[in-house]
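Engineer: need a 3D model of the following:
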Amino acid sequence: MALIALKVDVDTLRGTRDGVPALAAFLRGAGAGASFLFSLGPDHTGRAVLRVLRPGFLSKVSRTSVVEHYGVRTLLYGTLLPGPDIGRIAATTLRDVEAAGFEVGVHCWDHVRWQDQLLAHDAPWALREMRRATDRYATLFGTPARLHGAAGWQFNEAAAQAQAELGITLASDTRGSHPFQPVFGGRVTGPPQLPTTLPTLDELIGLDGMTLDDVVAHVLSLTVDRTRDQVFTLHAELEGMKLLPVLRRLVDGWRAQGHDLVSLGALRAHHSDRAWPLHEVHLGSVPGRSGLLAVQGPRVA
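Structural biologist: Numbering: from 1, shown residues only. Take a look at the predicted model:
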């Protein structure tokens, strides 16, 4: 029997306040495990307008109706409107998710800042940014953060070093095919990675003319193999809101295929008796998503 780990990225205040409770209620009712990774500092979503310069960004916007999913107000945060502090405003919501029995972890401090600037800065910058998030996590939950999933799959050696220094023991920062230990410059750096293995819904919708029905069928076609574990990333702003009916269909389909839906921690425990292969991490592209992401590279002999 294969496991599918559900990784919930929470990027915005709107996603936290509206999408997270809806997702948690649905998943709990479905008996599904999941890991919720929170943005814990300011919501500066409006500053993401700079991404219009990236190849593929405008086509993605036109396919996925960004304004419809995120809302006009969210798209003004950090520009015409001040960026609200998610961790302070929505602290009760975050704690409620943990109280409901879900695994919780760190997504980032400032989503736009990490996604757009990590690769242009040095190791001290990465450590400062990640420390802000882990300090806020400890304040909110009363325990140190142990799980991290990078905003926008932006991840490099500096981020891996920061994870090691801050006590992160499990991460899902990359795209790939199977669990691995990350290697940079010939050195094992940072905790094990459980990469996202399946395409996300926003990457598929409208790609090559795919409808919502096509998207569900396509994802389910990738999970027919009941011997292969998977990690599926969803977003509170999407699957927790307008795309919740699509997620319901996926969950029903995965159940029919015989999969168990679990947290990242449960997936790691499932692999605890196996040797973690060593793989380089490099920057690469993913169909349907703009820019470069951290991708599982070749295996290191």
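
Engineer: helices of the protein, residue ranges please.
Structural biologist: In the chain, the segments counted as helices under DSSP state H are 13-14, 20-29, 57-64, 66-70, 86-89, 91-99, 111-117, 123-141, 157-166, 201-204, 212-221, 244-257, 264-270.

Engineer: for the stretch 101-250 of the chain, give me the ranges with low pLDDT.
Structural biologist: Under the criterion pLDDT under 70, no range of the stretch 101-250 of the chain is flagged.

Engineer: coming back round to it: of the helices of the chain, which is nearest residue 288?
Structural biologist: Of all the helices of the chain, helix 201-204 sits nearest to residue 288, with 3.2 Å by C-beta to C-beta. C-beta here means a position set from N, CA and C on the backbone, and glycine is covered the same way.

Engineer: which residues does that closest one contact?
Structural biologist: Residues outside helix 201-204 that contact it (C-beta atoms under 8 Å, 6 or more residues apart in numbering): 60, 64, 210, 214-215, 218-219, 234-235, 238-239, 243, 246, 286-289.

Engineer: now with 7 Å, please.
Structural biologist: With contacts defined as C-beta atoms under 7 Å, 6 or more residues apart in numbering, helix 201-204 is touched by 64, 210, 215, 218, 238-239, 243, 246, 286-289.

Engineer: ditto for stretch 108-119
Structural biologist: Taking contacts as C-beta under 7 Å, 6+ apart, the residues outside stretch 108-119 that touch it are 11, 39-42, 44-45, 47-48, 50, 78, 126, 129, 132-133, 150-152, 154, 156, 159.

Engineer: again, 6 Å this time
Structural biologist: For stretch 108-119, the external contacting residues (C-beta atoms under 6 Å, 6 or more residues apart in numbering) are 11, 39-42, 44, 47-48, 129, 132-133, 151-152, 154.

Engineer: confidence score at residue 59?
Structural biologist: For residue 59, the pLDDT comes out at 48.

Engineer: use 50 as the first number from now on
Structural biologist: Sure thing, new numbering starts at 50, so read that last one as residue 108.

Engineer: what is the burial count for the residue lying closest to residue 317 once chain neighbours are set aside?
Structural biologist: In space, residue 317 comes closest to residue 219 once its chain neighbours are excluded; the distance is 5.5 Å by C-beta to C-beta, 6 or more residues apart in numbering. Look at residue 219: counted by other C-beta atoms under 10 Å, it has 21 neighbours.

Engineer: so what's residue 219 up against?
Structural biologist: Residues in contact with residue 219, defined by C-beta under 6 Å, 6+ apart, are 196, 240, 317.

Engineer: from the residues you listed, keep the buried residues only.
Structural biologist: Among the contacts of residue 219, those classed as buried by 16 or more other C-beta atoms under 10 Å are 196, 240, 317.

Engineer: now, which of those residues sits nearest residue 345?
Structural biologist: Each of the buried ones among the contacts of residue 219 was scored against residue 345 by C-beta to C-beta, and residue 240 proved nearest at 14.5 Å.

Engineer: correct me, but that closest one touches residue 216?
Structural biologist: No - the pair residue 240 / residue 216 is not scored as a contact, 9.3 Å apart, by C-beta atoms under 6 Å.

Engineer: for residue 297, give its distance to residue 311.
Structural biologist: Residue 297 is 18 Å from residue 311, where distance means C-beta to C-beta, to the nearest Å.

Engineer: separation between residue 168 and residue 175?
Structural biologist: 10 Å.
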